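Student: with the sequence up front, the predicted model follows.
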Amino acid sequence: MQGRLPTGVDRVSLEYVRHFAERSTALVRFAGLWIELSRQDSERVFEALLSPSANFNALIRWVVAKSLPRSVGQRFSEPRFLFNTGHSGLEKLQYAHRLRRSGLRPLFFVHDLIPITHPEYCRPGERGRHRTRMNMVLCTGHAVITNSAATLGELVAYARTNGLPMPPFEVALLPPAHLPLAAASPLSAPYFVILGTIEPRKNHWLLLQLWRQLIERLGETAPRLVIIGQRGWECENVVDLLERCEALKGFVIEHPNCSDTELACWLQHSRALLFPSFAEGYGMPLVEAMTLGVPAITSDLPAFREIAGNIPEYVDPLDGKRWAELVLEYSLADSPLRAAQCQRLSGFVAPTWNVHFQQIEALMERLSLAAP
């Protein structure tokens, strides 16, 4: 409704809508109420979410206003699963009260615990809010779905440290977006891509400093850096470099609003994906790059090794010297390191939504059989 492009978490939520829409109703939280839409209105909303149009906001306001009167004091007549796939609303203490009144059986998707484990990379106050979310998940969840064993490990450790129960769980890896193959490269010069919202933990600052040095050393022959992603929070130092550093102009290209077709084109023809994050619960850009056969130079994080094994080049996110060496090496047309990684990439098998939802359906079946 704000006109923003979907984030990685949003894309996961949309896939859950796509998979479960035919046997679900939509539940809208508005003005302290939980408003269940009719089957017909739910179908309209699900279709609009998956294929947004200019009248999206008007549709949402109309169906919510129409359903509002019968939602007051509403109780749900039968136990059903409630999917919360984006941590949405879990920081509100009344969420648990609503759950108890509803009789719904919540299945929570936990994407990461970064605001708790690395609060320095998040908005002020986010650590407390995320603790409230995770407490809600652990104390009220019928089950938990995580995107990686790394995220599950952090959640189990948090539960143990805080003396909280651990609900049944399922680790279900996330597939890449469908990215069409592109024919022509958008740039004649060699270039690298960093993909993701511009925020402190993504470590754009390191790459911009590195690129400034490369430009000083190599001049016009320096490779280009393509930044794909919307500007986020607490990223003023990166924005200052992007907007005011004259040396970077023409060498660093910012694309805040890329379609999937444009993203595929930029990614497919790059020398490598650069992924220098300090912390990640998963790593969708890594899966997308590897699915397209694009090499990756990444931070050495547990979630990345879980996804990619020994395929990428792993580097400490603070080792600027090594990042510079690998960028220079991978920019060469006949780079032996890049050729070796391309060979390793031939053995990569990407996760699929089919397998993902087979796991979720099996989890739901187990929970239904175990229910009193």
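Tutor: That came through, no problem. Numbers count the residues shown, from 1 in each chain.

Student: low-confidence ranges, the stretch 51-200 of the chain, go.
Tutor: 72-77 (pLDDT under 70).

Student: in it, which spans are strands?
Tutor: For the stretch 51-200 of the chain, the strands defined by DSSP state E, counting those that start in this stretch cover 81-84, 105-110, 143-146, 169-171, 191-195.

Student: helices or strands up against the second one?
Tutor: Using 3 or more CB pairs under 8 Å, 6 or more residues apart in numbering; DSSP states H and E as the contact criterion, the secondary-structure elements in contact with strand 105-110 are strand 81-84, helix 126-140, strand 143-146, helix 149-161, helix 353-370. Placement of C-beta: from N, CA and C, glycine included.

Student: mind doing that once more with 10 Å?
Tutor: On a contact count with 3 or more CB pairs under 10 Å, 6 or more residues apart in numbering; DSSP states H and E, strand 105-110 meets helix 8-20, strand 81-84, helix 94-102, helix 126-140, strand 143-146, helix 149-161, strand 169-171, helix 353-370.

Student: hmm, back to that, which one of the strands of the stretch 51-200 of the chain lies nearest to residue 311?
Tutor: Ranking these by their distance to residue 311 (criterion: CB to CB) puts strand 191-195 first, at 16.9 Å.

Student: which other helices and strands contact the closest one?
Tutor: helix 204-218, strand 224-228, strand 252-255, helix 260-268, strand 273-275, helix 284-291, helix 320-331.

Student: now the first one: buried residues?
Tutor: Neighbour-count burial for helix 204-218, with 16 or more other CB atoms under 10 Å as criterion, is recorded at 204-208, 210-212, 214-215.

Student: using a markdown table, please lay out the strands of the stretch 51-200 of the chain together with mean neighbour count and distance to residue 20.
Tutor: Putting those into a markdown table (neighbours: other CB atoms under 10 Å; distance: least, CB to CB, whole Å) gives the following:
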| stretch | mean neighbour count | distance to residue 20 |
| --- | --- | --- |
| strand 81-84 | 19 | 7 |
| strand 105-110 | 22 | 11 |
| strand 143-146 | 24 | 13 |
| strand 169-171 | 17 | 15 |
| strand 191-195 | 23 | 28 |
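
Student: and of those, who's closest to residue 328?
Tutor: strand 191-195 (10.9 Å).
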